[in-house]
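[1] Below is the sequence, then the predicted model.
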Amino acid sequence: MTPSTSEESEAAGASSGAAVNDFSISVATVNGTGSQTANSTLLRAIMRMGVPVSGKNIFPSNIQGLPTWYVMRLSEEGWIAPREKADVVICMNRETAREDVMKCAPGGWIIYDAPFKLDTLRDDLHYFAVPFGTLVRDVAPPKLHRLVVNMLYVGVAAELLDLDMVAIDGALENAFGKKPKALEINQKAVRHGRDWAAENLTRPDGGFRIEKRNLTEGKILIDGNSAAGLGSVMAGVTVIAWYPITPSTSVVEAAEKYLEKFRRDENGKATFAVIQAEDELAAIGMTLGAAWAGARSMTATSGPGISLMSEFIGLSYYAEIPAVIANVQRTGPSTGLPTRTMQGDILFCAYASHGDTKHPMLLPATPLEAYEMMQDAHDLAERFQTTVFFMSDLDLGMNNWMSDPLPYPTKDHDRGKVITTAEGFEKQGGAKEWGRYKDVDGDGIPWRTLPGLEVDGAAWFARGSGHNEYARYTESEAVYEGNVDRLTRKFESMKPAVPAPERSNCCAGGAPVGVIAYGTVHHSLVEARSRLKEQGFEFDYLRIRAFPFAESIGEFIAAHDHVYVVEQNRDGQMLALLRNEIPHISAKLRSVRHYDGMPVPARAIVTDILSQEATA
């Protein structure tokens with residue numbers, strides 16, 4: 001059994017059926033059966049043993065009844081991109097069991113419910129038949145069988161993989177610590193599964209094992225949406241208007257949880273407002289209304305919601321009202337695949353709304369960046385008086401990631417150019433000279449007032465129609481042209497303010513080839529870079545973290561013979577945006593795209609780049 005060249009290093013452990021702390025586990029269950037807690041127990045237990053691990057939940061968009069998978073990647077290197085084939089497969093869903101077996105890596109292990117009778121499908125796998133339906137009767141009453149059976153496979157896997165029971169108990173405490181009866185029954189199920197496996201199953205020599213390490217000390221497990229929600233609270237958000245949509249809903253749920261805890265006065269009265277609107281159009285309208293009144297406000301949505309919000313986004317741009325939109329991207333177009341991931345809204349959000357518009361976008365790759373960039377987004381929105389897009393995706397937002405702790409902010413909020421006193425108003429020329437859209441500082445950013453400033457002349461009319469620097473209606477061609485040119489200057493002035501790109505050269509002097517990625521594709525790219533180096537191909541790497549593009553991005557592209565742009569959409573949207581914004585480098589760009597809705601496997605990047613290099 002010889003793997004192909006592009007698979008060789010990835011499949012080496014799996015093809016021999018032996019790997020320590022370097023393999024993947026896929027658990028195939030039915031959505032709505034309570035398997036999430038069991039899978040989380042496995043994930044947390046592995047992390048408690050000091051082994052870096054990540055978990056990705058692949059689930060259907062209906063409430064329950066369809067197949068779901070949970071995929072864990074263990075890697076002492078810290079690699080978290082999914083492998084194309086799992087090494088250990090736990091089959092708990094009869095409907096998908098045969099397909100799950102066929103997708104297992106050669107030399108892999110199949111743990112399955114005995115009635116499925118899967119052991120004749122392939123002769124290059126190790127099979128472990130477990131009578132889960134019988135075993136669950138020993139640990140739980142019939143009404144709990146459907147839920148508790150999942151903890152039996154935790155116990156079986158723990159025995160076969162040498163997973164430490166102390167680590168499992170700690171993970172169970174995390175899940176059920178406040179529910180002693182639930183804790184007891186789940187502990188009993190895990191132990192029963194483990195004891196049965198010890199007595200009845202024989203582990204192959206070598207095999208897959210988990211050994212204790214000390215590589216996760218100080219780390220936490222958190223999903224990107226929770227990190228972003230907490231970041232918005234740290235940013236000082238006081239109004240959130242939203243309409244539920246997968247996969248962004250938990251951004252607001254996380255924020256609301258922390259607001260409820262920390263944003264009440266001494267009398268218990270809320271000092272915040274979280275409003276579920278009737279639709280996305282209403283949500284963005286409420287967000288802009290709150291921002292116009294002086295609140296730090298935001299909404300959270302996904303691609304379909306952005307489509308509905310487009311007209312109000314144009315109003316924010318032209319009337320210069322700050323707002324933050326958290327766009328947790330999913331697979332489109334239309335309804336698309338609501339529970340699959342994609343970087344499919346890049347071009348749409350960069351130029352959202354009709355007419356000439358440009359909007360800043362922040363592109364987090366980790367929960368820590370989601371936390372910090374959400375704070376940056378609120379500061380940038382107010383400093384530059386515009387909508388800022390926080391561009392996450394389903395993979396980052398809804399999956400558990402190992403992360404450094406989220407630090408408490410050390411800098412003050414940046415409210416931008418806001419006139420808050422009569423003295424400040426007079427300093428800007430008072431009622432005779434102050435203009436809401438007057439560029440007095442040469443940076444394209446005017447001074448604004450907020451409702452409640454009781455000074456004659458401080459009020460202004462926010463309009464989406466033509467207006468002059470005093471916010472008065474006009475259809476003058478020259479005034480319009482001057483106004484939108486100022487907006488362009490303002491956008492250009494954001495370049496040094498947004499998160500800078502990160503560059504990593506392969507060696508002293510750099511390589512002739514460069515690669516650009518952004519968002520969660522970064523993690524796949526890091527592993528692919530190592531795999532390509534093993535095959536003698538090295539490149540310099542630049543990770544884009546924001547739009548507008550820093551000058552250093554164009555310099556990076558110009559310094560290389562050609563540059564691959566790796567992204568997760570069909571049309572190469574980041575490549576198109578780079579070509580549009582930095583046209584003189586367009587001939588050097590090549591596209592590497594992955595768009596099946598699943599996180600990008602490192603091997604897909606390796607294969608594509610080697611193929612293009614071979615034909616160059």
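    Perfect, I can see it now.
[2] Need the per-residue pLDDT for the closest residue to Ala81 other than its chain neighbours.
    Leaving aside its sequence neighbours, Ala81 sits nearest to Ser524 (C-beta to C-beta, 6 or more residues apart in numbering; 3.8 Å). For every residue, glycine as well, the C-beta is placed using N, CA and C. Listed pLDDT for Ser524 reads 97.
[3] Same check on Ala616?
    The pLDDT attached to Ala616 in the predicted structure is 74.
[4] Bridged to the residue nearest to it when sequence neighbours are not counted, which residues?
    Nearest residue to Ala616 in three dimensions, chain neighbours excluded: His562, at 7.6 Å (C-beta to C-beta, 6+ apart). Listed beta-bridge partners, His562: Val513 (assigned using DSSP bridges).
[5] Verify the assumption that the residue nearest to Ala81 is located in a helix.
    Yes: the secondary structure assignment for Ser524 places it in a helix, going by DSSP: H, G, I helix; E, B strand; the rest coil.
[6] Mark out where each domain of this protein begins and ends.
    The chain is divided into the following domains under automatic domain parsing: 14-217, 222-403, 418-492, 502-615.
[7] where does the longest one sit relative to the chain's centre, distance-wise?
    With C-alpha atoms, centre = their mean, to the nearest Å as the basis, domain 14-217 stands 25 Å off its chain's centre.
[8] Which one, of the domains of the chain, ends up nearest to Lys411?
    Closest approach to Lys411 among the domains of the chain is made by domain 222-403 (8.5 Å; C-beta to C-beta).
[9] what mean pLDDT does the lengthiest helix in the chain have?
    Counting residues, the longest helix in the chain under DSSP state H turns out to be helix 180-200. Helix 180-200 comes out with an average pLDDT of 97.
[10] which one in the protein is furthest away from the centre?
    In the chain, the residue that sits farthest from the middle, by C-alpha atoms, centre = their mean, is Lys432; the gap is 48.5 Å.
[11] As a check, name the ranges of all helices in the stretch 151-300 of the chain.
    In chain order, the stretch 151-300 of the chain shows helices spanning 165-176, 180-200, 224-234, 249-262, 280-292, with DSSP state H, counting those that start in this stretch as the criterion.
[12] so which of those is the most packed in?
    Compared across the helices of the stretch 151-300 of the chain, helix 224-234 shows the largest average neighbour count, a mean of 27 (mean count of other C-beta atoms under 10 Å).
[13] mind checking how far it is from the chain centre?
    12 Å.
[14] One more: stretch 398-408?
    On C-alpha atoms, centre = their mean, the centre of stretch 398-408 falls 11 Å from that of its chain.
[15] avg pLDDT for it?
    The pLDDT scores in stretch 398-408 average 97.
[16] Nearest spatial neighbour of Met72, chain-adjacent residues omitted?
    Using C-beta to C-beta, 6+ apart, the closest residue to Met72 is Ile25 (4.4 Å).
[17] can you list the weak-confidence ranges in the protein?
    Flagging of the chain using pLDDT under 70 yields the residue ranges 1-18, 63-64.
[18] what's around Gly452, how many residues?
    Look at Gly452: counted by other C-beta atoms under 10 Å, it has 9 neighbours.
[19] host element of it?
    Assessed by DSSP states H and E, Gly452 sits outside every helix and strand.
[20] Asp162: what's it in contact with?
    Neighbouring residues of Asp162 by C-beta atoms under 8 Å, 6 or more residues apart in numbering: Arg209, Ile210, Glu211.
[21] same thing but 10 Å
    Val20, Met49, Arg203, Gly207, Phe208, Arg209, Ile210, Glu211, Lys212 (C-beta atoms under 10 Å, 6 or more residues apart in numbering).
[22] if I look at the second one, how far off is Ile168?
    Put plainly, it is Met49. Look at Met49 and Ile168: by C-beta to C-beta, to the nearest Å, they are 10 Å apart.
[23] In JSON lines, list the helices of the stretch 151-300 of the chain along with distance to Ile80.
    Below are the helices of the stretch 151-300 of the chain laid out as JSON lines (distance: least, C-beta to C-beta, whole Å):
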{"stretch": "helix 165-176", "distance to Ile80": "19"}
{"stretch": "helix 180-200", "distance to Ile80": "26"}
{"stretch": "helix 224-234", "distance to Ile80": "13"}
{"stretch": "helix 249-262", "distance to Ile80": "20"}
{"stretch": "helix 280-292", "distance to Ile80": "32"}
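[24] Any idea which of those gets closest to Ser586?
    Between Ser586 and the helices of the stretch 151-300 of the chain, the shortest separation by C-beta to C-beta is 31.9 Å, and it involves helix 224-234.
[25] any idea of the angle that closest one forms with helix 249-262?
    Orientation note: helix 224-234 sits at an angle of 40 degrees relative to helix 249-262 (axes from the mean of the first three to the mean of the last three C-alpha atoms, to 10 degrees).
[26] Compute the number of surrounding residues for Lys495.
    Residues within reach of Lys495, counting by other C-beta under 10 Å, total 17.
[27] would you say it is within a helix?
    No: membership of Lys495 in a helix is not supported by three-state DSSP, which gives coil.
[28] mind checking how far it is from Gly34?
    Shown here: Lys495 relative to Gly34, a distance of 49 Å by C-beta to C-beta.
[29] what does Leu347 give?
    Using C-beta to C-beta, one obtains 40 Å as the distance from Leu347 to Gly34.
[30] ok, now Ser611?
    Between Ser611 and Gly34 the distance, using C-beta to C-beta, works out to 43 Å.
[31] just Ala140 next, same as before
    As it turns out, when the distance is counted by C-beta to C-beta, Ala140 lies 12 Å from Gly34.
[32] Which residue of the two possesses the greater neighbour count?
    Here Ala140 and Gly34 are set side by side on neighbour count (other C-beta under 10 Å), and the busier one is Ala140, at 20 against 15.
[33] so what's Arg531 closest to, chain neighbours aside?
    Counting by C-beta to C-beta, 6+ apart, Arg531 lies nearest to Val606, which is 5.0 Å off, once chain neighbours are set aside.
[34] The one you found looks like it's in a strand, true?
    No: assigned with three-state DSSP, Val606 falls outside any strand and is helix.
[35] my read: it touches Phe539, true?
    No: contact status for Val606 versus Phe539: not in contact, 11.6 Å apart, counting by C-beta atoms under 10 Å.
[36] anything in contact with each of those two?
    Common neighbours of Val606 and Phe539 (C-beta under 10 Å, 6+ apart) are Ala528, Arg529, Leu532.
[37] circling back to that earlier point, in contact with the residue farthest from the centre of the chain, which residues?
    The neighbourhood of Lys432, defined by C-beta under 10 Å, 6+ apart, consists of Gly457.
[38] if you skip the residues just before and after it, what's nearest to Met165?
    What sits nearest to Met165 in space, not counting adjacent residues and going by C-beta to C-beta, 6+ apart, is Ala158, at 6.9 Å.
[39] Quick check: the one you found vs Gly289, distance?
    When C-beta to C-beta is the yardstick, Ala158 and Gly289 sit 54 Å from each other.
[40] Same check on Glu95?
    Using C-beta to C-beta, Glu95 is found at 48 Å from Gly289.
[41] ok so, going back, ok, the residue nearest to Ala616 - contacts?
    Counted by C-beta under 10 Å, 6+ apart, His562 has contacts Pro512, Val513, Gly514, Val515, Phe539, Ala587, Lys588, Leu589, Arg590, Gln612, Glu613, Ala616.
[42] Skipping its backbone neighbours, what lies nearest Ala254 in space?
    Leaving out its chain neighbours, the residue that sits closest to Ala254 by C-beta to C-beta, 6+ apart is Gly229, at 2.8 Å.
[43] thinking the one you found is in contact with Phe390, fair?
    No: in this structure Gly229 lies outside contact range of Phe390 using C-beta under 10 Å: 11.2 Å.
[44] tell me, what's touching the two both at once?
    Shared contacts of Gly229 and Phe390, defined by C-beta under 10 Å, 6+ apart, comprise Val251, Ala300, Ala326, Ala370, Met374.
[45] is it fair to say Ala105 lies in a strand?
    Yes: membership of Ala105 in a strand is supported by three-state DSSP.
[46] Compute the number of surrounding residues for it.
    Using other C-beta under 10 Å, Ala105 has 25 neighbouring residues.
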